[in-house]
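A.B. asks: Take a look and give me a structure for this.
(one chain, ligands or ions: 1)
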Amino acid sequence: MPKLLILGGGYAGLAVAQRLDAISRGRTGWEITLVDQRDFHLLQVRVHEVAANTIPVEKVSIPFNELLDGRKVKFVQAQIQEILPLEKKVLTSAGPLEYDRLVVALGSETRYPPIPGLREHTFPMKDLDDAIRFRKAVIESFKAVTDPSQPPLKAVDERLTFIIGGGGLTGSELAGEMVDFCSDLARRAGLPQNCFRIVLLEAAEHLLPTLDRQYGEYVRGELRSHGVLVATGAMIERVEDGVVYLKGGKIVRGKIICWAGGIQAASVLGRSGFAHLADGRISVDEYLRSKEYPEVYVLGDAASINDKRTGRPVPWTAQYAERQGHYLADNLWDEERSLRTRPYLPFSLGTAISIGRNEALTISGPLKLTGVPGRLAKNISYDNYEWNIRYKPRILKV
Ligand SMILES: Cc1cc2nc3c(=O)[nH]c(=O)nc-3n(C[C@H](O)[C@H](O)[C@H](O)COP(=O)(O)OP(=O)(O)OC[C@H]3O[C@@H](n4cnc5c(N)ncnc54)[C@H](O)[C@@H]3O)c2cc1C
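C.D. replies: Predicted coordinates for the structure are as follows:
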């Protein structure tokens, strides 16, 4: 049996494995192996909600053994160390794995531009561990100021000032959730509601720079009305322990600094003999194949492809990653049945940006929902995804 090896069980990789198994009703001729360093699928789009204590850890991690039919898809928990495309082999912590076709869906990691002190003095916000560490540090900050041996709180106190660098989706959503989290902590500690500050710094001229300016401006207005201090055009030049230096001479002091200002492809790709872009991503053709090795597909955050209709890069979001996975599974199954395969056409149902625990801006085509209805729509999309990965493959197989 030919071997289909899928690296990464995130939105893209899981989608390929589940859908190929489901639409073929378990009859695909591929021997499918999925490899991931974790033994669970991470709902990464909700990681910042764990950081802000909105939801517990269990809400974002689903064990692979609940999602994969072990008879058809073999799961291997291992760290990918290197891909050797010339030898059609992948080196992993569990030993080498060979393939006939390879799906690289290893996602992305935090990117640190060359800003002195940035890596050393900030918390990233990408993985579950990042979120847990951040949440703990925020709780500790509130505990520390209520310790009677500590000096009393000042009106503006850097011990309860939390700085977020990067006003994209992650940073903006985290800022909103942090207001609710800190509000809870202040109430429990018997502190006034105005004892903390959340500062959001964005280098571009508006928040959410990958979306239309109007949406960034809307989210900025809403965050401000929740008490977040938003600074756009704020270029971070240097970071020290508890201090951010901005271009132009401004200084912001805060106990905890989070860096949510950029991502790059998983670093293993840079060590794996593929020609890659400056951000580590691999350029793919219209069938999501590596341009150098046509038996290698690259999906999700690891891939770079432009939308032909807009000329703009396909966004690195879970929505696109999942759809790319489904697209590839459909093509693989069509190919097996000698049907014509089709090129990839990016498609999105819309975008939803939460503003705290109870509000969101949800845009889908001409539909725009704000406030509580916007948040309900976002929550429905979360539930829908979970339903799709838990139950839909089983239903398709019947
Ligand atoms: C806080 C936050 C909020 C977000 N919010 C949204 C949102 O609201 N909407 C949206 O559409 N997108 C959102 N995104 C983006 C979205 O999460 C990503 O675009 C999406 O996860 C990419 O999917 P993927 O399959 O390419 O990679 P991932 O989902 O990251 O999966 C990659 C997998 O590869 C595994 N892996 C990586 N390296 C190795 C290795 N060396 N060895 C073994 N396994 C490895 C990982 O464990 C992981 O399971 C958000 C991201 C973050 C961080």
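
A.B. asks: now the residue lying closest to A144 once chain neighbours are set aside: how far from D157?
C.D. replies: With C-beta to C-beta, 6 or more residues apart in numbering as the criterion, A144 has its nearest non-adjacent residue at 6.3 Å, and that residue is Q150. Yep, even glycine has a C-beta here, placed from its N, CA and C like the rest. When C-beta to C-beta, to the nearest Å is the yardstick, Q150 and D157 sit 10 Å from each other.

A.B. asks: more neighbours, these two?
C.D. replies: It is D157, of Q150 and D157, that has more neighbours when counted by other C-beta atoms under 10 Å, with 18 against 11.

A.B. asks: Near the ligand, which residues of the chain are found?
C.D. replies: Taking C-beta under 6 Å from any ligand atom as the measure of proximity, the chain contacts the ligand at 8-13, 36-38, 42, 44-45, 47-48, 79-80, 105-107, 125-126, 169-170, 266, 268, 300-302, 316-319, 321.

A.B. asks: Just the buried ones from those, in PyMOL syntax?
C.D. replies: Applied in PyMOL, the following selects the buried portion of those according to 16 or more other C-beta atoms under 10 Å:
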select buried, resi 8+9+10+11+12+13+36+42+44+45+47+48+80+105+106+107+125+126+169+170+266+268+300+301+302+316+317+318+319+321
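
A.B. asks: from the residues of the chain next to the ligand, which ones fall inside strands?
C.D. replies: Using DSSP state E to define strands, the subset of those located there is 36, 42, 80.

A.B. asks: The first one against L5, yeah?
C.D. replies: No. Counting by C-beta atoms under 8 Å, D36 does not reach L5; the two are 12.0 Å apart.

A.B. asks: rewinding a little: how close does the residue nearest to A144 sit to the ligand?
C.D. replies: 32 Å (C-beta to the nearest ligand atom, to the nearest Å).

A.B. asks: now that residue, what's its secondary structure?
C.D. replies: When classified by DSSP: H, G, I helix; E, B strand; the rest coil, Q150 comes out as coil.

A.B. asks: How is the protein divided into domains?
C.D. replies: According to automatic domain parsing, the chain comprises the domains 3-110+263-348, 118-259, 349-398.

A.B. asks: could I get those as JSON lines with mean pLDDT?
C.D. replies: As requested, the domains of the chain are exported to JSON lines (pLDDT from 0 to 100):
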{"stretch": "domain 3-110+263-348", "mean pLDDT": "95"}
{"stretch": "domain 118-259", "mean pLDDT": "96"}
{"stretch": "domain 349-398", "mean pLDDT": "93"}
